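Engineer: I'll drop the sequence and a predicted model, then ask my questions.
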Amino acid sequence: MLESKLRHLNRQLREGELETQLEMEKVQKEKEKEIKSLSEQHEVDKTRLLSEFSGEKVKMASKHEEEIEAIKKSKAELKKQLDQENSAKLCQICFDQPRSCILIPCLHLVYCNECVNKHRGQNESNAKCPACNTLITGQLSCKLHL
C-alpha cells in the first residue's frame, strides 16, 4: 500500500511537473509574443520618430536658410551704405583722395587740393567750379576727420 501511494504521488508529481512545464511554455510563448509586439511597436515608433526628426531637420534648415538670406540682404544693404558714406568722403573728380579743398565763393567741398590745382592750372584765371559753374576766386585747404 505504501508502494501504491508512492507510485500515486510520483505520478501526481510527474503530472504536476508536466503541467508546470506546459504552463511555463505557455507563459514563455505569451512573453515572446509580447516581445515581438513591443519590438514591432518599437520599430513603428522609431520610424515615426525618425520621420518627425527629419521633418524638424527640414524645418530648421529652411529657417536657417531664411535667416542666412536675411543676413546676406542686411549685409548687402550695409555694404551699400558704407560705400555711399565712403564715396561721400572722396574727391568727386579722382575718387581716390579725400575731399580737402573748399572753393571760394561757392564753398563747395567736394574735391581734393590736387584736382582743384590741376583744374585751375588748366583754365588759369577762368576756372569754374565743376559742381555749380561759378568762377573760382580762391580755395581753402582743409582736412576732414570723418
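Structural biologist: Received, thanks.

Engineer: Following whichever helix or strand residue 59 is part of in sequence, what is the next regular element?
Structural biologist: Residue 59 belongs to helix 2-89 when assigned by DSSP states H and E. Heading C-terminal from helix 2-89, the first helix or strand you meet, by DSSP H and E, is strand 101-104.

Engineer: Now that next one: buried residues?
Structural biologist: For strand 101-104, the neighbour count (16 or more other C-beta atoms under 10 Å) marks 101, 102, 103 as buried. Bear in mind the C-beta positions are built from the backbone N, C-alpha and C, glycine included.

Engineer: who does the last one bridge with?
Structural biologist: Read that as residue 103. residue 139 (DSSP bridges).

Engineer: Would you enumerate the residues in contact with it?
Structural biologist: 109, 111, 116, 129, 134, 136, 138, 139 (C-beta atoms under 8 Å, 6 or more residues apart in numbering).

Engineer: for the second one, same thing?
Structural biologist: Under the criterion of C-beta under 8 Å, 6+ apart, the contact list for residue 102 reads 108, 109, 139, 140, 141, 142.

Engineer: what does the domain assignment say about the protein?
Structural biologist: Listed by automatic domain parsing, the domain ranges of the chain are 1-89, 91-141.

Engineer: Backbone torsions only: list them for the spatially closest residue to residue 134 that is not a sequence neighbour.
Structural biologist: Of all residues not flanking residue 134 in the chain, residue 106 sits nearest, at 4.3 Å (C-beta to C-beta, 6 or more residues apart in numbering). Phi and psi for residue 106, reported as degrees, to the nearest 10, are phi -80, psi -20.

Engineer: Check the gap between residue 106 and residue 133 for me.
Structural biologist: Distance check for residue 106 against residue 133: by C-beta to C-beta, to the nearest Å, it reads 9 Å.

Engineer: ditto for residue 33
Structural biologist: Residue 33 sits at a distance of 100 Å from residue 133 (criterion: C-beta to C-beta).

Engineer: cool, residue 98 as well?
Structural biologist: For residue 98 relative to residue 133 (C-beta to C-beta), the value is 24 Å.

Engineer: more neighbours, these two?
Structural biologist: residue 98 (13 against 8; other C-beta atoms under 10 Å).
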